[in-house]
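> mind folding the following:
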Amino acid sequence: MQLSAIGLRVEDLDTPTLWLDLDNLDFNVRKMAEHFRSRNVSWRPHAKAFKCPAIAHILRKAGAIGVTVAKVSEAEVMAAAGIDDILIAHLVVGPSKASRLAGLQRHAEVKATVDHPDHLPALATAARAAGVSIGLVVDVDLGMKRCGVESPEAAVRLAQRIADTPGLRFDGLMGYEGHTLAIVDPTEKRSAIQDAIGRLLAAKSAVEAAGLPCRILSAGGSGSYQYTPDIPGLTEIQAGGGIFACQYYTQVCHVDGHRPSLFLLATVVSRPTPDRAILDIGQKSVSQYRTPPVLRDHPASAIVSLSAEHATIAWVGENLPKIGEKLTVIPGYSDFTFVLHNRVLGVRQGRVEAAWDLLGRGMLQ
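Okay, the predicted model is just below:
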């Protein structure tokens, strides 16, 4: 009995199995890295997209300066795996999380995000108790109406409070133009992104006019990465999931020129009628956020519904797959698919080359 999947052919794997085409992944990584390098902006990919330190190290080798994460626990996983420059693009609230963030400073440079003065006391207390300094970036609302200060003046006030608080260090500003990602018309999308980033640049100008250095100006996602780095002034882009080219990024966000690299191997378990087949995957194994998953090799046959453990295919054509036949599925959204699995297999030229645990899965605190 083979205990490891390494060396096996894809078609011999049990299902459902999450796997990466490493050649396509390498292509997408090079494409994004070269895009940022040519525009003299740094790459800080968001690891919430993949939850995997092994993939983070691949991106570091390609030129990424570090990673972005969503939670302190994700930062702990990445720091433990040797990633030493981390931005938590989420608000760290409460003494427990603040204490953990302070403790991380001895293992990596882990910056956090704030958008209100009430965030500062717990962070400062934890930093002083640990004898460290915590770097903070001020979140600016770029139009999503989620988190973030709403004006350059508010950014200045909060940045000054940070700079004046022992134990804390003002590092810069960040924002996210997420409301622009799904705009179809390229001209309209570019204009919307410029307007959004303009809010961040205005906040930077105000902060610097107040005498505060702003070394970090962080923004961007995979759905806007082909536009955002063209705007002068940004220092880093947080795009991460584009390296997988799932349906969400290619079909909803219109990211061009990428090759799908993330797949789910599934087995046909039922074929009740001549035009319907059932796979052994469902919402517990693949995401349909904003767009359904598709069959890589049978694009005319649609996955029309996902229940907990079943995917229903409306089959087009006469050659209905047999029970036991394995099909390859491109997920609807890679971020929401990774979190459903404990590991991902890396495949090159049809054989498993690597098996990576998704150590950040379930790290929600």
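> and this protein, what are its domains?
What automatic domain parsing lists as the domains of the chain is 10-17+258-357, 39-240.
> out of these, nearest to Cys246?
Of all the domains of the chain, domain 10-17+258-357 sits nearest to Cys246, with 4.0 Å by Cβ to Cβ. Just so you know, the C-beta spots here come from the backbone N, C-alpha and C atoms, and that holds for glycine as well.
> now the longest helix along the chain - C-alpha only, PDB.
The helix that spans the most residues within the chain, counting by DSSP state H, is helix 186-209. The C-alpha trace of helix 186-209 is given here as PDB (Å, rounded to 0.1, in the frame of the first residue of the first chain):
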ATOM      1  CA  PRO A 186     -12.000  47.800 -19.500                       C
ATOM      2  CA  THR A 187     -12.100  51.600 -19.900                       C
ATOM      3  CA  GLU A 188     -14.800  51.900 -17.300                       C
ATOM      4  CA  LYS A 189     -12.900  49.500 -15.000                       C
ATOM      5  CA  ARG A 190      -9.600  51.400 -15.300                       C
ATOM      6  CA  SER A 191     -11.400  54.700 -14.600                       C
ATOM      7  CA  ALA A 192     -13.100  53.200 -11.500                       C
ATOM      8  CA  ILE A 193      -9.800  51.800 -10.200                       C
ATOM      9  CA  GLN A 194      -8.100  55.200 -10.700                       C
ATOM     10  CA  ASP A 195     -10.900  56.900  -8.800                       C
ATOM     11  CA  ALA A 196     -10.600  54.400  -5.900                       C
ATOM     12  CA  ILE A 197      -6.800  54.500  -5.700                       C
ATOM     13  CA  GLY A 198      -7.100  58.300  -5.900                       C
ATOM     14  CA  ARG A 199      -8.600  58.300  -2.400                       C
ATOM     15  CA  LEU A 200      -5.600  56.400  -1.200                       C
ATOM     16  CA  LEU A 201      -3.200  58.800  -2.800                       C
ATOM     17  CA  ALA A 202      -5.000  61.700  -1.400                       C
ATOM     18  CA  ALA A 203      -4.700  60.200   2.100                       C
ATOM     19  CA  LYS A 204      -1.000  59.700   1.500                       C
ATOM     20  CA  SER A 205      -0.500  63.300   0.400                       C
ATOM     21  CA  ALA A 206      -2.300  64.500   3.500                       C
ATOM     22  CA  VAL A 207      -0.300  62.200   5.800                       C
ATOM     23  CA  GLU A 208       3.000  63.300   4.300                       C
ATOM     24  CA  ALA A 209       2.000  66.900   4.500                       C
END
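> who touches that helix?
138, 140-143, 149, 151-153, 155-156, 159, 172-175, 177, 179-180, 183, 214, 217, 219, 224, 227-228, 231, 233-234, 254 (Cβ atoms under 8 Å, 6 or more residues apart in numbering).
> tell me where the stretch 51-200 of the chain has strands.
67-69, 85-91, 109-114, 134-139, 168-174 (DSSP state E, counting those that start in this stretch).
> got it, and the stretch 201-350 of the chain?
Under DSSP E, counting those that start in this stretch, the stretch 201-350 of the chain gives strands at 216-219, 236-237, 262-273, 276-279, 294-295, 302-306, 311-314, 326-330, 343-348.
> any idea how many residues pack against the nearest residue in space to Glu153 that is not next to it in sequence?
Distances taken as Cβ to Cβ, 6 or more residues apart in numbering put Ala206 closest to Glu153, at 6.8 Å, once the chain neighbours are dropped. Ala206 has 20 neighbours, counted by other Cβ atoms under 10 Å.
> could I get the pLDDT score of Ala206?
In this model, Ala206 is scored at 98, pLDDT.
> mind listing what the residue nearest the centre of the chain touches?
The centroid of the chain falls nearest to Ala49 when counting by Cα atoms, centre = their mean (3.0 Å). The contact partners of Ala49, by Cβ under 8 Å, 6+ apart, come to 222, 240-241, 243-244, 334-335, 338.
> give me the phi and psi for it.
Dihedral pair for Ala49: phi -70, psi -30, per degrees, to the nearest 10.
> any idea of the pLDDT on it?
What the model reports for Ala49 is a pLDDT of 93.
> okay, now the unreliable bits of the stretch 251-365 of the chain?
For the stretch 251-365 of the chain, applying pLDDT under 70 flags no range at all.
> list the buried residues of stretch 30-42.
31-33, 35-36, 41-42 (16 or more other Cβ atoms under 10 Å).
> equivalent analysis for stretch 316-323, please.
Along stretch 316-323, these residues count as buried under the neighbour rule (16+ other Cβ under 10 Å): 320-321.
> for stretch 209-222, same thing?
By neighbour count with 16+ other Cβ under 10 Å, stretch 209-222 contains the buried residues 210, 212, 214, 216-222.
> distance to Asp21 and pLDDT added to the residues you listed, as JSON lines?
Output for the buried residues of stretch 209-222, formatted as JSON lines (distance: Cβ to Cβ, whole Å; pLDDT from 0 to 100):
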{"residue": "Ala210", "distance to Asp21": "49", "pLDDT": "98"}
{"residue": "Leu212", "distance to Asp21": "46", "pLDDT": "98"}
{"residue": "Cys214", "distance to Asp21": "40", "pLDDT": "98"}
{"residue": "Ile216", "distance to Asp21": "34", "pLDDT": "98"}
{"residue": "Leu217", "distance to Asp21": "34", "pLDDT": "98"}
{"residue": "Ser218", "distance to Asp21": "30", "pLDDT": "98"}
{"residue": "Ala219", "distance to Asp21": "29", "pLDDT": "98"}
{"residue": "Gly220", "distance to Asp21": "25", "pLDDT": "96"}
{"residue": "Gly221", "distance to Asp21": "23", "pLDDT": "96"}
{"residue": "Ser222", "distance to Asp21": "18", "pLDDT": "98"}
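> got TSV for those, with distance to Leu200 too?
Output for those, formatted as TSV (distance: Cβ to Cβ, whole Å):
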residue	distance to Leu200
Ala210	16
Leu212	15
Cys214	10
Ile216	11
Leu217	6
Ser218	9
Ala219	6
Gly220	10
Gly221	14
Ser222	18
